[in-house]
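> Coordinates for the following, if possible.
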Amino acid sequence: MFSKILIANRGEIACRVAATARRLGIRTVAVYSDADAGARHVAACDEAWRLGPAPARESYLRADLILDIARRSGAQAIHPGYGFLSENEAFARAAAAAGVVFIGPPPEAIAAMGSKSAAKTLMQRAGVPLVPGYHGDDQDPARLAQEAGQIGFPVLIKASAGGGGKGMRVVERAELFDAMLASCKREAKNAFGDDAVLVERYITRPRHIEIQVFADTHGRCVYLFERDCSVQRRHQKVLEEAPAPGMTEERRRAMGEAAVAAARAVGYVGAGTVEFIAEPSGRFWFMEMNTRLQVEHPVTEMVTGFDLVEWQLRVAAGEPLPAAQEALRLRGHAIEARIYAENPDKGFLPSIGALRHLRTPPAVAFTVAEGGADGEPAAVRIDSGVREGDAITPHYDPMIAKLITWGRDREQALARMALALAGFEVVGPSTNVDFLGRVVRSDAFARGEFDTGLIEREKAVLLPGPGQPSLLLRAIAAAAVLAGEAGEAAEAARARGRHDPWDLRNGWRPASTLRRTLHFSMAGEACPVEVEYAPRGWTVRDGEQALCLAGLTAAPGGHRIRGLAGERAFEAGAVFEGEALHLFTPEGHFALGYAPPLAHVGEEAHDGGQLTAPMPGKVIALLVQPGAKVARGQPLLVMEAMKMEHTISAPADGEVSSVRYGVGEQVAEGAQLIDFVPR
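Okay, the predicted model is just below:
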């Protein structure tokens, strides 16, 4: 076994690899960019070396710098994690040439599966079923359009070197093909340095099911069952689980054997994932093979009891696989939710900023169960690469954490997931926590009757948009204000070393009752309440509606409050941030505007006719000129941010009066891009 490895990655996967290495007594070397100098993965390793500036192309994608650090630090092997250089054939070859073990498959296997087109040709020879489509080398747009017509719409355009949902477009009609192809090629070129695409039949109502495979250098190859990754947004996974709902033993065996055949066809070694698309009828087709550890590998670990990173290390060190196929067993059910800094109400655009408040549900780090698959894992596991105070930057993937729950059956795992999501609190960037909570509570997901179109089909329920807060929510907000004021008064008294009855904030009046208005707002709409003080509590009113508050207590630090609102006991997280009050309740996270006494009302919203940047990025295409008459929904401008394209469209029929930025210019979040006059 190795005595020292270098982890050529960042974030939660770097922390995850470091944890297993520590358990095995292996020293670890972290690498970091300037943006990550104080990052969690740096602290998690035994030593850390600087790579370069924040952009990945100048740091985490610099194979030469990483190999030099491996040499100077004495690392015997490199674990690439996922993303960055994990599926880079040239990097794997360079590592071997430098005498450093690449903890991954042979370069030849990476090359064989790195091109989706070439991989499908290999799979066809190996007898693995394929989706009908065009995987050829001729990339002439006319040829691709012709092939799409022969396949029949809808079709899926997919970057040949792609992954992570980047460089993918579903084309419903022939007249949309050329524009979608151009956009897909731009995104693929920017994300992968290769704009080659393939075109396939788009399967309606498909399930995305993948098989975890593992092979060693002694000729053994096994499958560690399946994961269902069908819940996706923007072609990127959101929730994953194992085993797949509704999977039969016969179908599991057929898919597992097909995955092993795919791995053997390319002389595979190490951890890999063979991804299939499946119809409700049970038919399945090969999509691609990811020649690395997957983001969602924890659910497989939870249901098998094996540490897949340990397996990677042992196989890379030349040891045989720790278990044969007949020894592998499924135990219970596991679900993973990806907690992202993104705004679901804005098309899941990534969000950036400091994590000013971060509270997670109680969790236990993953450990190998005694006796392998016979042990029972912890109910809740969190894999994260950030801490409170860290920043989500535009340079890297905006993942905050992976939340994994386990249960003896799917129902228990699902119930634990709903509770755990309710205990996840973030103030700073927008997150998808509430959205995930709605997904796991939805009828279709709970029944296991879903496909990759779930989010789009159920978006009215899953993405309801902001509404007016209930009186109960405003009563809880009032409780947070009152508890905060009482805490401030007590702290001031302690600082002076004496207690003065005139400093109490209990609303006492000698011959009258104190009534005051608390000015809250949500989504720009005012929603004030009147608070009436009483000897043993308060009454919160909104017109004819009223609720009594009593028994308020605040936990140390003031971030959690408890009490009674009417006959209902409540507990909520409460975080004040400037003129905002963040409430975390079992129903979700609510951000209320709160103007304290004597505070000024916030500025009015900007003119709706000015189209603004939803996040920091670069203008990569201008589709209109000043004076252009446009129709509602017509694309006006294309931005690129975090290697994804975002199209700015006309909000209504009207005229473009001015364009403020040109192609190639960087823009800040909220910057006015286009002046627009509706008609």
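
> wait, residue 476 sits on residue 586?
No. Contact criterion C-beta atoms under 8 Å: residue 476 and residue 586 do not qualify, at 11.0 Å. The way it works is simple: take the backbone N, C-alpha and C, and place the C-beta from them, glycine included.

> which of these two has more neighbours?
residue 476 (27 against 12; other C-beta atoms under 10 Å).

> residue ranges with poor pLDDT in the stretch 451-600 of the chain?
Scanning the stretch 451-600 of the chain with the threshold set as pLDDT under 70 gives 498-508, 511, 556-558, 597-600.

> mind listing the strands for it?
515-522, 525-526, 529-534, 537-542, 545-554, 560-565, 568-577, 580-585, 588-595 (DSSP state E, counting those that start in this stretch).

> In CSV, list these along with distance to residue 192 and mean neighbour count.
Shown next, in CSV, are the strands of the stretch 451-600 of the chain (distance: least, C-beta to C-beta, whole Å; neighbours: other C-beta atoms under 10 Å):
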stretch, distance to residue 192, mean neighbour count
strand 515-522, 41, 16
strand 525-526, 44, 12
strand 529-534, 53, 17
strand 537-542, 54, 19
strand 545-554, 51, 16
strand 560-565, 45, 20
strand 568-577, 38, 17
strand 580-585, 38, 20
strand 588-595, 35, 18
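
> okay if I get those strands as CSV plus distance to residue 426?
What follows is these, written out as CSV (distance: least, C-beta to C-beta, whole Å):
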stretch, distance to residue 426
strand 515-522, 18
strand 525-526, 23
strand 529-534, 26
strand 537-542, 27
strand 545-554, 20
strand 560-565, 15
strand 568-577, 10
strand 580-585, 9
strand 588-595, 8
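
> Contacts only, for residue 137.
Contacts for residue 137 (C-beta atoms under 8 Å, 6 or more residues apart in numbering) come out as 117, 196.

> So it: helix, strand or coil?
At residue 137 the chain is in coil, as set by DSSP: H, G, I helix; E, B strand; the rest coil.

> so residue 639 sits in a strand?
Yes. Per three-state DSSP, residue 639 lies within a strand segment.

> Which residue comes closest to it once chain neighbours are left out?
Excluding its sequence neighbours, the residue lying closest to residue 639 (C-beta to C-beta, 6 or more residues apart in numbering) is residue 617, at 4.3 Å.

> Can you tell me how far that neighbour is from residue 130?
36 Å (C-beta to C-beta, to the nearest Å).

> the more surrounded of these two?
residue 617 (23 against 15).

> Was I right to think the more buried one contacts residue 644?
No. Residue 617 is beyond contact range of residue 644, at 9.0 Å (criterion: C-beta under 8 Å).

> residues touching residue 412, list them.
Applying C-beta under 8 Å, 6+ apart, the residues near residue 412 are 332-333.

> 10 Å instead, please
Neighbouring residues of residue 412 by C-beta atoms under 10 Å, 6 or more residues apart in numbering: 332-333, 379, 405-406.

> which SS state does it fall under?
Per three-state DSSP, the secondary structure class of residue 412 is helix.

> ok, it to residue 309 distance?
26 Å.

> likewise residue 124?
33 Å.

> who's more crowded, the two?
Set residue 124 next to residue 309 and count neighbours by other C-beta under 10 Å: residue 309 wins out with 25 against 13.

> Mind pulling up the pLDDT for the more buried one?
The score at residue 309 is 98. That number is its pLDDT.
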